[in-house]
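Participant: here are the coordinates; sequence isn't available:
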Ligand code: ADP
């Protein structure tokens, strides 16, 4: 099955890793939304020069959360992780960001999974304290980005291919 394409009709919605069209899936998790940190997290990616190409607010279904965290299904915290993502006490903000090395740099900007090990200047290092409430998610590889973007975003129309007038001032 061929991937969903958009705009130029050749670019898959999950982007092209290793190019300026690299894309990653970043989410503000329910604790980040509840704590009013959505704008702060978006601002950090915008100011860095990355381009927002997908954005949605949703309470994920249990199926979506289980699929998203499928690699962790054998972990003891899996059930509570899925419950916390899906209980509707706050939604999740799902985003697709585009730009050079955005998969790796997105992870660097998020900081270590355990906020107590995350460096100052990172989102987790600056804004949270507990591994079970670490406010954000970022794809950890090109394969994860492909899987997660395709999972959270339906295809043409949900991701917008647009040209930023800043681009030549950010990337050369
Ligand atoms: P990351 O989110 O940095 O990619 P993982 O994929 O290892 O990290 O874990 C996914 C999420 O599962 C973490 O962000 C965190 O919310 C939760 N998690 C990971 N380890 C634990 C743990 N030991 N206890 C509770 N929750 C955890």
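Facilitator: Noted; the coordinates are in hand. What you see is a predicted model; the values in this text were computed from it and never measured.
Participant: Can you read off the pLDDT for the spatially closest residue to residue 126 that is not a sequence neighbour?
Facilitator: Nearest non-adjacent residue to residue 126, counting by Cβ to Cβ, 6 or more residues apart in numbering: residue 120, 6.5 Å away. For every residue, glycine as well, the C-beta is placed using N, CA and C. We have a pLDDT of 98 for residue 120.
Participant: contacting residues for residue 81?
Facilitator: Taking Cβ atoms under 8 Å, 6 or more residues apart in numbering as the contact definition, residue 81 lies against 65, 69, 72, 75, 132.
Participant: List the contacts of residue 152.
Facilitator: Shown in contact with residue 152 (Cβ under 8 Å, 6+ apart): 25, 27, 56, 64, 68, 94.
Participant: So what sits opposite the second one in the bridge?
Facilitator: Applying DSSP bridges to residue 27 yields these beta-bridge partners: residue 94, residue 137.
Participant: ok, how many other residues are close to it?
Facilitator: Per other Cβ atoms under 10 Å, the neighbour tally for residue 27 reads 24.
Participant: That one and the ligand, how far apart?
Facilitator: Between residue 27 and the ligand the computed distance is 9 Å (Cβ to the nearest ligand atom, to the nearest Å).
Participant: just the fifth one next, same as before
Facilitator: Shown here: residue 68 relative to the ligand, a distance of 9 Å by Cβ to the nearest ligand atom.
Participant: Kindly report the same for residue 120.
Facilitator: Separation of residue 120 from the ligand (Cβ to the nearest ligand atom) stands at 17 Å.
Participant: Next: residue 114.
Facilitator: Distance of residue 114 to the ligand, given as Cβ to the nearest ligand atom: 7 Å.
Participant: residue contacts, the residue nearest to that residue when sequence neighbours are not counted?
Facilitator: Closest residue to residue 114 apart from its sequence neighbours, by Cβ to Cβ, 6+ apart: residue 131 at 4.4 Å. Taking Cβ under 8 Å, 6+ apart, we find residue 131 in contact with 113-116.
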